[in-house]
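> Turn this into a structure:
(one chain, ligands or ions: 2)
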Amino acid sequence: MTRRVCDAGEVVRAQVVIIGAGPAGLLLSQLLHLAGIDTIVLERRSRTYVEARVRAGVLEPGTVELLKRAEVSQRMERDALTHDGFRIAFGSGSTRIDLRSLAGAPVTVYGQTEITQDLIAARLSLNGAIVFEAEEVVPLDFSGAKPRVTYRKDGRSHEIACDFIAGCDGSHGVSRACVPAEAISLYEHAVPFGWLGVLSDTPPVGHELIYSRGERGFALCSMRSPARSRTYVQVPVSDSPEQWPDQRFWDELRRRLPKDAAEALITGPSLEKSIAPLRSFVAEPMRFGGLFLAGDAAHIVPPTGAKGLNLAVSDAASLADALIAHYRHGERRPLDTYSESCLKRVWRAVRFSWWFTGLTHRFDEDAFTAKLQLAELEYIAASRAASTMVAENYIGRVK
Ligand code: FAD
Ligand code: DHB
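Ligands and ions are numbered 1, 2, ... in the order given. Sure, this is the predicted structure:
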C-alpha cells in the first residue's frame, strides 16, 4: 500500500524527490531505499497505466546486474530468455552476431512492462512512497540550498522540501522544461519514419531476434516469451495505428523478412499496437544545482540499438551511487561528475543507435544510401572485427 504522503497545505520532507515512475525513477528509488535514503516518487499517470505500457525488451548484462543489486530480479531470473546472438538479414544476405563469442556475454529478453511491475511491487512492499496521478508537479528552487517540489493530488496542493530532485520524467516531462534555456544545450536529429509495433500471442519466428533490412523498409522480430511475439515495421512517422489493421501489418512484415522467417511467421490478433517516432536527442548537462536529469528526460535514442531502457537504468544507478557517496561519506565529487560520466556513455549509445538505424532503414528515393548499406552489411557479414564492433555496442560493454 502507498504510504500517505501529506495533507493539503502541509510541507513534508524527503531527502530525494523523484519525478516519474518509469524504470529510471523506480530503480533510483529502490537503490536509495536499500542504502537507507528516503525518497518520494511523484508520477503523473495511474499505476494501471504505468504497469501496462509496452516498450523495450532487450536488457544488457549491466542492466541485469543492476536489477539483481536492486533485489527485483526474482521473476526476471525465472521468466527471462537468454540470447547468445541475433541475426541481421539484408535481402540476399544474412549474418548472425554471436554476442557470447564476440563480446563475451549474452543479452536478456524481458519486457520493460515486467521490470516496471517488479519495481513497483518491490517499492510498495517496502512501504515506499509513490504518488500516482500527481498533477501539476513543479520542481522549484533547485539552484539554491533548499529545493522543493509542489504538486496537486485529488484537487489539493502539496509541497515537499528536499535535498535533491531527480527528474526521471521522460522526454515530455516537466523537469528538463523548467531549466532556464541559457543553462542547457540541446542536440537533436530526427528521421521521417517511426516503428509500428505489435504485441501478439503468437510464437516468435525463431529463437533469436531478427533485424531485417527489407527493400520495402526495416522490420524487427522480437519476443517476450516462447508464446508471445513483439514485432515492428518501419512506417512513415505521419501514419497512425488505425491505418494498419492486423492483416495489413502481417502482410507487410512478411514481405520484409528473409524467406525462411517469412515462411515460419505465424500471425494472430494484436494485443497492442502503437507507433513510436525515431529520433536522437541529448540535453547537456544533466545536472542543474540540486536537480539531476536521468533517462529519457535527458536523452532519447532511436530504438534500433535497444539502448533507451538500458541507458535509463545506467543513469539511475550512477545517480544512486553519487547520492549514496554524498550521504554516507560527505563526498561531493561523484555528484559533480555525474553529468560528465553519464554523457560519455550516452553519446556512445546515441552514435550506435543512429548508425544501426542508418544501416537498416529505408531512406526513400536514396539509391546511393541503399548501395552503401548493402556494402557495409556484406562487410559486417565477412569481418570478425566489424561484427565485434556491433556485438560490443549491443551488449554495452567492450570485451
Ligand atoms: P519513462 O519510461 O518515459 O518514464 C517517465 C515517467 O515519468 C512516466 O511514467 C511518465 O508518466 C512520468 N511523467 C512524465 N511527465 C511527468 C510529470 N510532469 N510529472 C510526473 N510524472 C511525469 N526503447 C527500446 O530500447 N526499445 C523499444 O522498443 C522502445 N520502445 C519505445 C516505445 C515508446 C512509445 C517510447 C515512448 C519509448 C520506447 N523506448 C524503447 C524507450 C524506452 O522505453 C525508454 O528509454 C525508457 O522508458 C526510459 O525510461 P525512463 O524511466 O527514463 O522514462
Ligand atoms: C525490442 C525493441 C528494440 O528496440 C530492439 O532493438 C529490440 C527488441 C523489443 O521490444 O523487444
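
> Distance check, the residue in the stretch 101-250 of the chain positioned nearest to ligand 2 against ligand 1.
Ligand 2 sits closest to Ser222 of the stretch 101-250 of the chain, with a gap of 3.2 Å, by CB to the nearest ligand atom. Yep, even glycine has a C-beta here, placed from its N, CA and C like the rest. Per CB to the nearest ligand atom, to the nearest Å, Ser222 is found 8 Å from ligand 1.

> Check whether that residue really touches Thr231, as I assumed.
Yes - using CB atoms under 8 Å, Ser222 is in contact with Thr231, at 6.8 Å.

> which one of the two has more residues nearby?
Neighbour count, other CB atoms under 10 Å: between Ser222 and Thr231, Thr231 has more, with 26 against 23.

> Going by secondary structure, Gln247 is in what exactly?
Taking DSSP states H and E as the definition, Gln247 sits inside helix 246-256.

> What sits closest to whatever residue of the chain ends up closest to ligand 2 if chain neighbours are left out?
Closest residue of the chain to ligand 2, CB to the nearest ligand atom: Gly57 (2.7 Å). Closest residue to Gly57 apart from its sequence neighbours, by CB to CB, 6 or more residues apart in numbering: Gly111 at 5.1 Å.

> pLDDT of the helix holding Gln247, averaged?
Mean per-residue pLDDT for helix 246-256: 98.

> So which residues make contact with that helix?
Around helix 246-256, the neighbours that count as contacts under CB atoms under 8 Å, 6 or more residues apart in numbering are 196, 198, 212, 214-219, 221, 231, 233, 262, 265, 267, 269-270, 273.

> buried stuff in that helix?
Neighbour counts over helix 246-256 (16 or more other CB atoms under 10 Å) mark Phe249, Trp250, Glu252, Leu253, Arg254, Arg256 as buried.

> ok and the residue in the stretch 251-399 of the chain nearest ligand 1?
When CB to the nearest ligand atom is the measure, the stretch 251-399 of the chain has its nearest residue to ligand 1 at Gly295, with 2.1 Å between them.

> and that residue, how many neighbours?
Neighbours of Gly295 using other CB under 10 Å come to 31.

> and what of Arg87?
Neighbour count of Arg87, defined by other CB under 10 Å: 18.

> for Ala306, same thing?
By other CB under 10 Å, 26 other residues sit near Ala306.

> hey, what's the nearest residue in space to it that is not next to it in sequence bridged with?
Leaving out its chain neighbours, the residue that sits closest to Ala306 by CB to CB, 6+ apart is Val58, at 3.8 Å. Beta bridges link Val58 to Val109 when assigned by DSSP bridges.

> hang on, isn't Val58 packed against Leu220?
No - shown here, Val58 and Leu220 do not form a contact pair, counting by CB under 8 Å, at 10.3 Å.

> between those two, what contacts are shared?
Leu209.

> Find the residue at the geometric middle of this protein.
Residue closest to the mean C-alpha point of the chain, counted by CA atoms, centre = their mean, is Leu309 at 2.1 Å.

> Would you verify that it is located in a helix?
Yes - with DSSP: H, G, I helix; E, B strand; the rest coil as the criterion, Leu309 is assigned to a helix.

> Confirm for me that it is in contact with Glu60.
No - the criterion here is CB under 8 Å, and Leu309 misses it with Glu60 at 9.1 Å.

> What's the first helix or strand after the helix holding Gln247?
Next element after helix 246-256 (DSSP H and E): helix 259-264.

> could you dump that next one to PDB, C-alpha only?
The C-alpha coordinates for helix 259-264 follow below in PDB (Å, rounded to 0.1, in the frame of the first residue of the first chain):
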ATOM      1  CA  LYS A 259      12.400 -16.200 -46.900                       C
ATOM      2  CA  ASP A 260      12.800 -18.700 -44.100                       C
ATOM      3  CA  ALA A 261      11.500 -16.300 -41.400                       C
ATOM      4  CA  ALA A 262       8.600 -15.300 -43.700                       C
ATOM      5  CA  GLU A 263       7.600 -18.900 -44.100                       C
ATOM      6  CA  ALA A 264       7.800 -19.500 -40.300                       C
END
